[in-house]
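> Give me coordinates for this.
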Amino acid sequence: MRLLVAGGAGFIGSEFVRHTLSSHPDDSVVVLDKLTYAGNLRNLDPVAASSRFRFVHGDICDARTVETLAGEADAIVNFAAESHVDRSLEAPGQFIQTDVYGTFVLLDAARRIGHSRFLQVSTDEVYGDVTEGRSAEGDPLRPRSPYSASKAGGEMMAWAYRESYGVPVITTRGSNTYGPYQYPEKIIPLFITNALDDQPLPIYGDGNAVRDYLYVTDHARGIDTALRLGTPGEDYNIGYGGETNGHEVADLVLGALGKPDSLKQHVRDRLGHDRRYAVDTRKLEGLGWEPDVPLADGIKQTVEWYRQNQEWWRPLKSGEFWEFYSRNYKPLSPPP
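Coordinates of the predicted model:
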């Protein structure tokens, strides 16, 4: 296939690009990316010299650019998104613009050109807080943050184009993902890079919010499976199947680095913080996919990557990063 990958310089998108070019020797990839703060052209260094790869610096909200590139592709995979809950609480309008309007622009191009597939990369956070059991693909969407609401809005636009115009849309909903090349504001790379510098690991509230952490290579393979083997009109959850809280993540990171528990620091809880996510992945597993990397192994691999690639992440933890950090991680007062 000739793929147009929107947001392909981001964390998960760049892993998908690297996976595609290494696993599918007849495929070609054009990446369209705006290179906002979390997009990084260096993420694509491993494939930059490939004759089957091209990078275009641009915005998915720019209909003219999207139309031109979509006309050269057989399918679109849309990773492009504002994706950090804390930032969505500060500036929700930016999330709506990219995650909803930008998705519309891509879908409209796919409608006019007649692509074979359109894969919308979404998140398990659209299900909202899951107090028990696991979210299945047919469950209602109950987003509780501007980020998850914008992703749900993008999904609904995709559904509308699927039903109204017959665009062959497939949606994936991935759980919390970690691994190399992740911008260091997310919990695992933040904990790793802070611990490397003997700085506090900020744990929201009581630290008991539960997440299912999925290694990035497993997530990229899941998206690839849904794209190639999934049925247009269907949605697919992607997750590892574990349940881990903030304390446990911090312990794994500190243990991998041989750092003391005293680095753990409780901070003010996130507004509207969902307490638990969990997804049922049997539908995707029915296509032959399954996760390979347990959390403990993935943390060790990720720690080692950040230890060996400090020239990649240190420049990212600069002025704007620390301004955002200081606004969002307010230490709780110690008990009297």
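> Just give the number of residues close to K264.
Using other CB atoms under 10 Å, K264 is surrounded by 20 other residues. Backbone N, C-alpha and C define where each C-beta goes, glycine included.
> likewise A110?
26.
> and it, what pLDDT?
A110 is assigned 97 on the pLDDT scale.
> Tell me the spacing between it and R275.
37 Å (CB to CB, to the nearest Å).
> R162 - nearest residue in space that isn't next to it in sequence?
In space, and not counting its chain neighbours, R162 is closest to V169: 4.3 Å by CB to CB, 6 or more residues apart in numbering.
> Let's see the pLDDT reported for the one you found.
For V169, the predicted pLDDT is 98.
> Tell me which strands whichever strand or helix holds V56 pairs with, and in which orientation.
Per DSSP states H and E: V56 is located in strand 53-57. Strand 53-57 sits in its sheet next to strand 28-33 (parallel), going by DSSP bridges.
> buried sites along the strand holding V56?
53, 55 (16 or more other CB atoms under 10 Å).
> Keeping just the C-alphas, turn that strand into PDB.
Below are the C-alpha coordinates for strand 53-57, written out as PDB (Å, rounded to 0.1, in the frame of the first residue of the first chain):
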ATOM      1  CA  PHE A  53       9.700   7.200   2.700                       C
ATOM      2  CA  ARG A  54       8.900  10.900   2.400                       C
ATOM      3  CA  PHE A  55       8.200  13.600   5.000                       C
ATOM      4  CA  VAL A  56       6.000  16.700   4.500                       C
ATOM      5  CA  HIS A  57       5.900  19.400   7.100                       C
END
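> average pLDDT across it?
98.
> Which helix or strand lies directly C-terminal to that strand?
Following strand 53-57 toward the C-terminus (DSSP H and E): helix 63-70.
> Of all the residues in that following helix, which ones are buried?
Buried residues in helix 63-70 (16+ other CB under 10 Å): 65-66, 69-70.
> tell me what the helix or strand that comes right after that helix is packed against?
Remark: after helix 63-70, the chain's next helix or strand is strand 75-78, criterion DSSP H and E. Under the contact criterion of 3 or more CB pairs under 8 Å, 6 or more residues apart in numbering; DSSP states H and E, strand 75-78 touches strand 2-6, helix 103-113, strand 117-123, helix 216-229.
> Tabulate those (TSV), appending distance to I203.
Formatted as TSV, these follow (distance: least, CB to CB, whole Å):
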stretch	distance to I203
strand 2-6	34
helix 103-113	33
strand 117-123	22
helix 216-229	23
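> Tell me which of those approaches W322 most closely.
helix 216-229 (25.3 Å; CB to CB).
> What is the least confident helix or strand in this protein?
Using mean pLDDT, DSSP states H and E, helix 85-90 stands out as the lowest-scoring helix or strand of the chain, at a mean of 66.
> buried set for whichever helix or strand comes after that helix?
The C-terminal neighbour of helix 85-90 among helices and strands, as given by DSSP H and E, is helix 92-96. Buried residues in helix 92-96, counted by 16+ other CB under 10 Å: 92, 95-96.
> residues contacting L227?
Going by CB atoms under 8 Å, 6 or more residues apart in numbering, L227 touches 75, 77, 117, 119, 170.
> Mind doing that once more with 7 Å?
By CB atoms under 7 Å, 6 or more residues apart in numbering, the contact set of L227 is 77, 117, 119, 170.
> what would those residues look like in CSV with neighbour count and distance to D129?
Below are the contacts of L227 laid out as CSV (neighbours: other CB atoms under 10 Å; distance: CB to CB, whole Å):
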residue, neighbour count, distance to D129
V77, 31, 29
R117, 21, 32
L119, 27, 26
I170, 25, 26
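> For K151, see how far away F118 is.
Counting by CB to CB - F118 and K151 are separated by 16 Å.
> Distance check, N40 against L316.
Taking CB to CB, one finds N40 at 8 Å from L316.
> what about the residue nearest to P92 when sequence neighbours are not counted, how many residues close to it?
Computed as CB to CB, 6+ apart, the closest residue to P92 that is not its neighbour in sequence is P146, at 3.5 Å. Other residues lying near P146 total 22 when counted by other CB under 10 Å.
> Likewise for A49?
7.
> my read is it is in a helix, agree?
No - per DSSP: H, G, I helix; E, B strand; the rest coil, A49 lies outside any helix segment and is coil.
> Now do the same for it: its pLDDT.
A49 is given a pLDDT of 97.
> could you list every residue that touches it?
Contacts of A49 (CB under 7 Å, 6+ apart): none.
> What distance do you get for it to E155?
For A49, the distance to E155 - CB to CB - is 36 Å.
> who's more crowded, N40 and L316?
Neighbours were counted for N40 and for L316 using other CB under 10 Å; N40 has more, 21 against 16.
> pLDDT score for the more buried one?
At N40, pLDDT is 94.
> where do the strands sit along this structure?
2-6, 28-33, 53-57, 75-78, 117-123, 169-174, 177-178, 201-204, 210-211, 214-215, 235-238, 244-245, 264-267 (DSSP state E).
> and R144, how many neighbours?
Using other CB under 10 Å, R144 has 17 other residues around it.
> can I assume it is in contact with G128?
Yes - judged on CB atoms under 7 Å, R144 makes contact with G128 at a distance of 5.0 Å.
> Show me whatever sits in contact with both of those two.
D274.
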